[in-house]
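> pasted the sequence and its predicted model underneath.
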Amino acid sequence: MRFLGAGYDDDCVTEPFVPSWVKRVRFGVLAGVPLPAGLEPVSPSVLGQLHPREAVFASEERGRRQIEVAGGRLAFRAAASAFGADVSAWPLLADSARVPLGPPGLSVSLTHKEDLAIAFVGTSDAGLVGIDLEGGPRDRSAIMSRVCRPEELSAVQALPEAGRWPNVMIRFAVKEAIYKAIAPQLGRFFGFQAARVDVESKERVSITMFLEATDPTYELDNELVWLDDGRLIALVRARVSASAKP
């Protein structure tokens, strides 16, 4: 396993279920674990690397979901180790909404695609962090009308066609990360229309929230981490504004 500097390259990718890289970011540490293709059950040797309760939790899932659960837990343990947190006695389980239940004092978030599981571990003192991984060769700009608010859609459609999907991808990743950061605190679902993401550059966005009037106000911070294969990890940290607390 190696620490990443500015980027990521194919040399980081090793065998499935073997943590291959960790990266320090502003909010904490990210770790990546390659996932196998197919639907074969996770082997006992891999499950044996998890906390016993995690192994049971993974075994109760089937197909890709079992692979993702196991890979995410291995990534969690790699990220926690690099962060300096001893989680050997803590099983990373999940609630009914599949939100990872991290140890007290830590913020934990998971994301995955077909070939890669990524975990984030950091302190929860400054708020909860949500992460999302997006990207790859496939143009998915057809989702823009679902992801974007009307004003965002106008901004995207004003771009040259080749630039639309990269722009939508950033908005999509950031909004998914927003949801993972806020929903566990808010205790309810909200959709893509609850946030506006203004893309200032590949490295910088600004966020405006449109939650219900009775909801708390959240202070948000974000970071965009690009992998050298063109994929994006969006991180959003959210905490209830001090002015909103009783």
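Received, thanks.
> low-confidence ranges in the chain?
For the chain, the stretches flagged by pLDDT under 70 are 1-13, 229, 244-246.
> apply 80 and report the result again.
1-14, 136-137, 228-229, 243-246 (pLDDT under 80).
> which helix runs longest in it?
Identified as the longest helix of the chain according to DSSP state H is helix 161-186.
> show me what that one is packed against.
strand 106-113, strand 128-134, helix 144-147, helix 150-157, strand 195-199, strand 205-209, strand 218-226, strand 232-240 (3 or more C-beta pairs under 8 Å, 6 or more residues apart in numbering; DSSP states H and E). Where C-beta positions appear, they are placed from N, C-alpha and C, glycine not excepted.
> out of the ones you listed, which gets nearest to Val46?
Using C-beta to C-beta as the measure, strand 106-113 is the one of those that comes nearest Val46, at 15.2 Å.
> can you give me how far the helix or strand just after the closest one is from the chain middle?
Where DSSP states H and E defines the elements, the next helix or strand beyond strand 106-113 is strand 116-123. On the basis of C-alpha atoms, centre = their mean, to the nearest Å, strand 116-123 sits 7 Å off its chain's mean C-alpha point.
> okay, now the domains of this protein?
If you go by automatic domain parsing, the domain ranges for the chain are 2-125, 134-244.
> need phi/psi at Gly105.
Backbone torsions of Gly105, given as degrees, to the nearest 10, read phi 90, psi -10.
> and the nearest residue to it once chain neighbours are set aside, what does it touch?
Distances taken as C-beta to C-beta, 6 or more residues apart in numbering place Ser124 nearest to Gly105, at 5.9 Å, with adjacent residues excluded. Going by C-beta atoms under 8 Å, 6 or more residues apart in numbering, Ser124 touches Gly102, Gly105, Leu106, Ser107.
> what do you get if the cut-off is 6 Å, keeping everything else the same?
By C-beta atoms under 6 Å, 6 or more residues apart in numbering, the contact list for Ser124 reads Gly105, Leu106, Ser107.
> distance of it from Ala85?
From Ser124 across to Ala85, the span is 11 Å (C-beta to C-beta, to the nearest Å).
> helix, strand, or coil at Lys202?
Put simply, Lys202 is coil when judged by DSSP: H, G, I helix; E, B strand; the rest coil.
> how near is it to Ala158?
Look at Lys202 and Ala158: by C-beta to C-beta, they are 18 Å apart.
> which of these two has more neighbours?
Lys202 (12 against 9; other C-beta atoms under 10 Å).
> next one: the helix or strand containing Arg77 to chain centre, how far?
Using DSSP H and E, Arg77 maps to helix 63-83. For helix 63-83, the separation from the chain centroid amounts to 12 Å (computed by C-alpha atoms, centre = their mean).
> dump it to CSV, restricted to CA.
Backbone C-alpha positions of helix 63-83 (Å, rounded to 0.1, in the frame of the first residue of the first chain) are rendered in CSV as follows:
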residue,chain,number,x,y,z
GLY,A,63,-23.6,-10.5,-5.3
ARG,A,64,-22.0,-7.1,-5.9
ARG,A,65,-23.4,-5.8,-2.6
GLN,A,66,-21.4,-8.4,-0.6
ILE,A,67,-18.2,-7.5,-2.6
GLU,A,68,-18.8,-3.8,-1.9
VAL,A,69,-19.4,-4.3,1.8
ALA,A,70,-16.3,-6.3,2.2
GLY,A,71,-14.1,-3.9,0.1
GLY,A,72,-15.5,-0.9,1.9
ARG,A,73,-14.6,-2.3,5.3
LEU,A,74,-11.1,-3.2,4.2
ALA,A,75,-10.7,0.4,2.9
PHE,A,76,-12.1,1.7,6.3
ARG,A,77,-9.5,-0.2,8.2
ALA,A,78,-6.7,1.0,5.9
ALA,A,79,-7.8,4.6,6.2
ALA,A,80,-8.2,4.4,10.0
SER,A,81,-4.7,3.0,10.4
ALA,A,82,-3.2,5.7,8.2
PHE,A,83,-5.2,8.3,10.2
